[in-house]
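In: Everything below, folded, please.
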Amino acid sequence: MSVAHQVFRRCIPIRHFSITVSKMSSAAPAKQPEWFSPVQKDHSQLKLWNALTRKKEPFFPQNGRRVVWYNCGPTVYDGSHIGHARNYVTMDVLRRIMESYFGYNVFLVMNVTDIDDKIILRARQNHLLAKKPDRSLSEVKEAFAHFLKTQLKVDGTWDKFKTQVEPEILATIQALRSEGSGASMDESAKVQAKLTALRDAFQDPTSKSKTDAVFAPILDERHGAEVNDPQIFRRFTAFWEKDFTNDMTALHVLPPDVLTRVSEFLPEVVDYVKTILDRGYAYESQGSIYFDVVRFRAKHPYAKLEPWSATREDLLMEGEGALSKGEVKKNKADFALWKRSKPGEPMWDSPWGKGRPGWHIECSAMASWVVGKFDGDQQTLDIHSGGIDLAFPHHDNEIAQAEAFYDCKQWVNYFFHSGHLHIEGSKMSKSLKNFITIKQALEKYSPEQLRMLFIMAPWGSMLDFKESSMQEAINAETTLRNFVTNVRALVEEYEASIYRPDAQFSDKHEVNEKESKLLMSFSGVQHRVHECLCDSLNVGAAMREILDLVAETNVYVAKGETNTHILGKIGAWVTRFLKMVGLCSDGPRFGYGYSSGSNSRDLMPFLQVMSAFRDQVRDLARSKADPSEILKICDRLRDQDLIPLGVMLDDREPGKPALVKLMDPKELTKIRDEKLRKEEEKRLAKEEQKRKQEEKRLAKLMKGKVSPSDLFLGRKEFSQFDEKGIPTHDADGKELSKSARKKVQKEYDQQVKAHEEYLAEFGSTK
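Out: Numbering: from 1, shown residues only. The predicted structure follows:
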């Protein structure tokens, strides 16, 4: 028996120990206390405005967290304008929120239309115009008359343009505008654009650029059928697709997961058309295949998005394209799935002869193909999006084609449309000289400022692009940029100071009433932002909540003695939101991102600036220069030397060091230049005020040039004067009354004073 065992037996009798163990083993097993489940208070659910029902619907993807989304891409035949920017930036913001906030796995497909009537015409005409750069006046006049007849249905000549033709066209425009309908207003804008082309050619018939628009139709009519090289069309679309891609990159629009071009899907398009034909929803006519709307309507609803537009012939004709002439169709509403190609048009083989796809079929065919490859069992799109101008006939025909192909009830579950964009209240048009390309907009505004404008407006409503709304967006973006930059600087300053070797204990904390109030406000904003985003991705309302939070936090910071941890939490949350909607790129915890390398190459520019500054301070100190000279080079360091390096110094009240901020050098340069511009404006205004004051002073002095004794001489209302030259009698020889005498005496005394001031300034009256 071990020593430990012997000791144990002496201390505790075995019989007593056995009883104790027995009692413990018979006791009930211990249980955890009851747990009380929290009550769910937030019942927010994502609802999306659905153009298919014209109301907000709860969002239910078909496959868990995965969302299949098709976005209508560009028809690449010209430069992209600010209306395109509104559409693609808006959809980019919505996509980012769905992915980054709601956590959906979005699979986004977008097309590029590189076969289309507009493309064929523009590419063909550009090719022909380039081959004939020189035009005689007689040729221009002939083209002018042809343009009038074919484009405007007006019989007229060059010689009668000003006296007869132009007034007639203006009367047509006025009549269309007076109708007031959307269709008539659109038509008036088209007529106005053609009139502008005529005016340009008439004013400068020797200019190629001024006569191209008028010359193109007659060249195309005579020689268009001779343009058969496919590379002419491919080079044209490649150029404009690259231009579009560059614009989207400049606007920070994320690329789609899959980009499709109709020219790359011709076999799939042919098979798609063949299936629709086999199902009895289409028919052949003269080598073209048309969708049979009447047959389709017998089993399916047609024009789900805009049934009220289904009989509008202007929209139906526009949807078929400018080259669709002489068609033989069963019904006016029928539309081309496959077009027989004519000479001068690109063409591909098909069971029905040489041809090319119709405009609407490409989206249905390519979306179905890509989505089918992504998930062979999936036929339906979760989301389809595009501009509101495409709702009918394009989007409605897309839906009809796909539902005919699958013979299903519903191809798209949720349809998004971005709203129209107007310029200062008017529809954008080159003829109205309010046409703004994306590149032109980016020359004046930053991508973030344009994105903020689009964010602040309800995404499905009309947006008026005007100076006041743009300024509001600029102010909002600047406020947010400044806020997150300040937060970063304050947090970095705090972290640098709190861990210094000479840091001392603090006898107070910053968790008081004002922090409690700020945290409560922050929590409320977070909740309301969530509700806004659940309410059909209402990012504009969410942004206004965030701006209110920023304003309240700025007031808190201005009072001093801030809790940097709370401030950092708010700043980081705001930054995450800005990243989510694409207002700043991924980068640091706070702010818009900056590069902060630590190797010698990165540090050298900073070291060189500081070394030069040190040399200047030493030189001034050695020469015992005036302290103001040292302040000047300090200002130059802040306003000139550090700006290109992305360093901003914010001066604070005496006793506090400048707040150091790291920002984008380009943005800092803009801020500095704007500050200098305002200072210059202020200086010029001050000088102008000083000049006016001087003019006023001199004008007042010049009134004193006349001697008091000569003041009343020559005035017809007086006839006699005393020895000082003060009037005593009026023009009729009557002695002046006491009040009249008092009045002239006062005038005389004032002139005495004015004359003395004049002499004191100028010395004499010569």
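In: Would you mark the buried spots in stretch 685-702?
Out: L701 (16 or more other CB atoms under 10 Å). To be clear about C-beta, it is placed using only N, CA and C from the backbone, and glycine gets the same treatment.
In: That stretch: how far from the chain's middle?
Out: 46 Å (CA atoms, centre = their mean, to the nearest Å).
In: Contacts for that stretch, please.
Out: A754, E757, Y758, E761, F762 (CB atoms under 8 Å, 6 or more residues apart in numbering).
In: and the end-to-end length of stretch 261-268?
Out: Terminal residues of stretch 261-268 lie 12 Å apart, using CA to CA, to the nearest Å.
In: how near is V67 to Q410?
Out: 16 Å (CB to CB, to the nearest Å).
In: Identify the spatial nearest neighbour of E735, chain neighbours not counted.
Out: H729 (5.4 Å; CB to CB, 6 or more residues apart in numbering).
In: Mind checking what helix or strand follows the helix or strand that neighbour falls within in sequence?
Out: H729 is located in strand 727-730, with elements delineated by DSSP states H and E. Next helix or strand after strand 727-730 toward the C-terminus (DSSP H and E): helix 738-762.
In: which SS class is K274?
Out: helix (DSSP: H, G, I helix; E, B strand; the rest coil).
In: I'd like to know how many residues surround the spatially closest residue to it that is not a sequence neighbour.
Out: Leaving aside its sequence neighbours, K274 sits nearest to P351 (CB to CB, 6+ apart; 6.7 Å). As a burial measure, P351 scores 12 neighbours (other CB atoms under 10 Å).
In: just to revisit the earlier point, in terms of packing, which of V67 and Q410 has more residues around it?
Out: V67 (22 against 16).
In: before we move on, back to that, pLDDT wise, what is the residue nearest to E735 at?
Out: Note for H729: predicted pLDDT of 89.
In: Repeat that for E403.
Out: 97.
In: wait, doesn't it sit right on Y302?
Out: No: contact criterion CB atoms under 8 Å: E403 and Y302 do not qualify, at 9.4 Å.
In: These two: which is more packed in?
Out: Comparing E403 with Y302 by neighbour count (other CB under 10 Å), the higher total belongs to E403, at 25 against 17.
In: contacting residues for that one?
Out: Contacts of E403 (CB under 8 Å, 6+ apart): H300, K409, Q410, W411.
In: Surely the third one forms part of a strand?
Out: Translated: Q410. No: counting by three-state DSSP, Q410 falls outside a strand, being coil.
In: State the distance from it to T211.
Out: Distance from Q410 to T211, by CB to CB: 51 Å.
In: Equivalent analysis for the second one, please.
Out: Distance of K409 to T211, computed by CB to CB: 54 Å.
In: Then M366?
Out: For M366 relative to T211 (CB to CB), the value is 39 Å.
In: If you count surrounding residues, which of those two has more?
Out: M366 (26 against 22).
In: Which secondary structure state does that one sit in?
Out: With three-state DSSP as the criterion, M366 reads helix.
In: so it makes contact with P267?
Out: No: using CB under 8 Å, M366 is not in contact with P267, being 11.8 Å away.
In: What pLDDT is listed against the residue positioned nearest the centre of the chain?
Out: In the chain, the centroid-proximal residue (CA atoms, centre = their mean) is L450; its distance is 2.6 Å. In this prediction, L450 carries a pLDDT score of 98.
In: And the one 4 residues further on, by the same measure?
Out: The model reports F454 with a pLDDT of 98.
In: Same check on P217?
Out: P217 is given a pLDDT of 95.
In: that's a strand at it, yeah?
Out: No: secondary structure of P217 (three-state DSSP): helix, not part of a strand.
In: the helices in the stretch 201-350 of the chain, which residues?
Out: 208-223, 230-250, 266-278, 293-297, 313-320 (DSSP state H, counting those that start in this stretch).
In: for the stretch 1-150 of the chain, same thing?
Out: Using DSSP H, counting those that start in this stretch, helices in the stretch 1-150 of the chain cover 3-11, 14-26, 82-96, 117-131, 137-151.
In: what angle separates the third one from helix 230-250?
Out: Put plainly, it is helix 82-96. 60 degrees (axes from the mean of the first three to the mean of the last three CA atoms, to 10 degrees).
In: Contacts for helix 82-96, please.
Out: By CB under 8 Å, 6+ apart, helix 82-96 touches 69, 71, 74, 106, 108, 244, 247-248, 251-254, 385-387, 416, 418-421, 423, 428, 436-438, 441, 450-451, 454-455, 459, 463, 465, 537, 539, 580-582.
In: one more time with 7 Å, if that's ok
Out: 71, 74, 106, 108, 248, 251, 253-254, 385, 387, 416, 418, 421, 428, 436, 438, 441, 450-451, 454-455, 459, 463, 465, 537, 539, 580-582 (CB atoms under 7 Å, 6 or more residues apart in numbering).
In: now do stretch 567-578
Out: With CB under 7 Å, 6+ apart, stretch 567-578 has contacts from 480, 483-484, 487-488, 490-491, 522, 546, 549-550, 553, 557, 584, 589-591.
In: and that stretch, how far out from the chain's middle?
Out: 22 Å.
In: What average pLDDT does it get?
Out: The pLDDT scores in stretch 567-578 average 95.
In: List the buried residues of it.
Out: Quick answer for stretch 567-578 (16+ other CB under 10 Å): L567, G568, I570, G571, A572, W573, V574, T575, F577, L578.
In: Could you check how far G344 is from W338?
Out: For G344, the distance to W338 - CB to CB - is 18 Å.
In: Those two - which one has more neighbours?
Out: Neighbours were tallied for G344 and for W338 using other CB under 10 Å; the higher tally belongs to W338 (28 against 17).
In: and the angle for the longest helix along the chain with helix 738-762?
Out: The single longest helix within the chain, with elements called by DSSP state H, is helix 665-702. Here helix 665-702 points in a direction 120 degrees away from that of helix 738-762 (the same axes, to 10 degrees).
In: What strands flank the next helix-or-strand element following helix 665-702, and is each parallel or antiparallel?
Out: Later in the chain than helix 665-702, the nearest helix or strand by DSSP H and E is strand 718-721. Here strand 718-721 has these sheet partners by DSSP bridges: strand 727-730 (antiparallel).
In: ok, and what's touching the partner strand?
Out: Taking CB under 7 Å, 6+ apart as the rule, strand 727-730 contacts F712, E717, F718, S719, Q720, F721, D722, E735, L736, V744.
In: Repeat that for stretch 369-386.
Out: Counting by CB under 7 Å, 6+ apart, 61-62, 67-72, 91, 107, 109, 258, 260, 265, 268, 367, 395, 406, 408, 410-417 sit against stretch 369-386.
In: Could you rerun that using 8 Å?
Out: 61-63, 67-72, 87, 91, 94, 107, 109, 258, 260, 265, 268, 272, 367-368, 394-395, 398, 406, 408, 410-418.
In: Any of these buried? List them.
Out: 61, 67-72, 87, 91, 94, 107, 109, 258, 260, 265, 268, 272, 367-368, 394-395, 398, 406, 410-418.
In: before we move on, the earlier item: tell me which residues touch the residue nearest to the centre of the chain, please.
Out: Per CB under 8 Å, 6+ apart, neighbours of L450: I82, A85, V89, L251, A441, L442, A473.
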